[in-house]
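1. I'd like to go over a predicted model; first the sequence, then the structure.
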Amino acid sequence: MTWLRRIALALAVLVLPAGAACAFLLGTPMEVVLPLRSMLTLCALAVLVLAAAAWWLKPAKRLLPAAVGLAGAVLAMAAATAILRAPACEDFTVDSGGTKLAGTACMPADNTPVPVAVFVHGSGPATRSEFRFYAETLARRGIAAVTYDKRGAGRSGGDTYEGGYDLYAQDLAAVSAWAAVQSFARPDTLGLVGFSEAEWVMPLAAPAVDPAYIAVVGASALSPHDQVSEEIEIRLGRAGYDDTAVRAAVAVNDALADYLRGALSPEDFGSVLAEAQRQPWFDVAQDLPDKVYPREAYAWWASVMETSPGAWSGYAGPVLFIKGSADDRSDADRALKRFRDLRPAHGDMLDARIIEGADHMILLWPRGERTPPPAFPAGYPDLIADWILEVSQR
């Protein structure tokens, strides 16, 4: 039994620093990057269980297990405090064309109807947890925040890649329709807050949702294919490659699109790719395939890659455009100019903010790129709450 006790204590001692780090970072931008509250809860439970096991396995030597258990209890109290201080949130499910979508609505303490923000995902099988920090921030400011698991992710049904942006827009409309009739909602002030890929989904959903406002973070005002080309251009430019290398890398991305459209044979695309792989910039570009895959492997991408951002021209309501100057997906100044050009008749309804030094998700990295912990720019994310409250009073 002695070796089991030692293993239990060793594991508990190893978990303690992780739990302490989670507790220390609660309320910081790391909550945007990691589910700290859940991680803290798991660490606290693990320490308590392991300490209890060590206590039971060696009754004669209980001082160390008791100390470790006390530390675990402190972590548990920190987790409980964070949970109790959080705004009231309730889970819900809605039906979208026969697919169940699961979500959470976080409400202010005031029971009167308030403005509502429905959060819209970026790319991939994302869950509502990535928006929890933002949702609770808005709820504390008097705005109900509605988040949901993207289809095929979390507790939502379906497959993330079974349809394109029209299907995502259908899901968004279903969630928005649910939110609009809830007792916490002022339906005339329901709007959308979306990140990255949401720039193509929100304007498609706008006719059905009729949002009072849209806040878009990290938009490129390009098609997905053209955004990838600009991303390659930015990445190679920052790595010191000249225009010749940039044009060559972008040409490979264009060749991939031609291959997916059927305008280029697998053999011809293979030749283009083989030549590119011999260039020093190939690995730096990152977004280029490592070999010729069957077209069906790209079915979802082929269905969305040429989506035009032109649907924005049909939305006449207020828009908050937020972009980081260090965004590596598209150039901030160029993106803003393109976005203005998309809505020439609604220029007075655009509030644009380019935030110096911020990345695609509006985070700063004081210790170096992607080296935690990140930081929020001054005034963010309250900027979103301030703007929503302002437009909701118009």
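-> Great, that's in hand.

2. Next, the distance between the ends of stretch 97-113.
-> 28 Å (Cα to Cα, to the nearest Å).

3. avg pLDDT for that stretch?
-> Averaging pLDDT along stretch 97-113 yields 92.

4. Start from the N-terminal end of this structure and give the strands.
-> 88-96, 99-107, 114-120, 144-148, 185-195, 214-217, 319-324, 350-355 (DSSP state E).

5. Parallel or antiparallel, which strands does the third one pair with?
-> Paired with strand 114-120 in the same sheet, following DSSP bridges, are strand 144-148 (parallel), strand 185-195 (parallel).

6. Dump these to TSV, plus distance to Gly157.
-> Bear in mind the C-beta positions are built from the backbone N, C-alpha and C, glycine included. Output for these, formatted as TSV (distance: least, Cβ to Cβ, whole Å):
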stretch	distance to Gly157
strand 144-148	12
strand 185-195	22
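
7. most packed of those strands?
-> Of all those, strand 144-148 has the most neighbours on average by mean count of other Cβ atoms under 10 Å, namely a mean of 28.

8. Average pLDDT for that one, rounded please.
-> 97.

9. got a list of contacts for that strand?
-> 94, 101-108, 114-119, 128, 131-132, 134-136, 138-139, 156, 171, 175-176, 179, 182, 184-185 (Cβ atoms under 8 Å, 6 or more residues apart in numbering).

10. can you check stretch 52-70 too?
-> By Cβ under 8 Å, 6+ apart, the residues outside stretch 52-70 that reach it are 1-2, 4-5, 8-9, 12-13, 16, 47-48, 50-51.

11. ok, now with 10 Å
-> 1-13, 15-16, 47-51, 72 (Cβ atoms under 10 Å, 6 or more residues apart in numbering).

12. mind listing the helices for the stretch 1-150 of the chain?
-> 2-25, 30-33, 36-57, 63-85, 132-140 (DSSP state H, counting those that start in this stretch).

13. which one of the strands paired with strand 114-120 lies closest to Ile384?
-> Closest to Ile384 of the strands paired with strand 114-120, according to Cβ to Cβ: strand 185-195, at 6.4 Å.

14. Can you give the distance from that closest one to the centre of its chain?
-> 18 Å (Cα atoms, centre = their mean, to the nearest Å).

15. Send over that strand as PDB, restricted to the C-alpha atoms.
-> What follows is strand 185-195, C-alpha atoms only, in PDB (Å, rounded to 0.1, in the frame of the first residue of the first chain):
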ATOM      1  CA  ALA A 185     -35.400  39.600 -24.500                       C
ATOM      2  CA  ARG A 186     -36.300  42.900 -26.000                       C
ATOM      3  CA  PRO A 187     -36.800  41.600 -29.600                       C
ATOM      4  CA  ASP A 188     -36.200  44.900 -31.200                       C
ATOM      5  CA  THR A 189     -32.700  45.000 -29.800                       C
ATOM      6  CA  LEU A 190     -31.600  41.500 -30.700                       C
ATOM      7  CA  GLY A 191     -28.300  41.500 -32.600                       C
ATOM      8  CA  LEU A 192     -25.400  39.300 -33.700                       C
ATOM      9  CA  VAL A 193     -21.800  39.200 -32.500                       C
ATOM     10  CA  GLY A 194     -19.500  37.100 -34.700                       C
ATOM     11  CA  PHE A 195     -15.900  36.200 -35.100                       C
END
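
16. Next, the angle from that strand to strand 99-107.
-> 110 degrees (axes from the mean of the first three to the mean of the last three Cα atoms, to 10 degrees).

17. Narrow the contacts of stretch 52-70 to just the buried residues.
-> In terms of neighbour count (16 or more other Cβ atoms under 10 Å), the buried residues within those are Arg5, Ala8, Leu9, Leu11, Ala12, Val15, Leu16, Val47, Leu48, Leu50, Ala51, Gly72.

18. I am finished for the moment; much appreciated.
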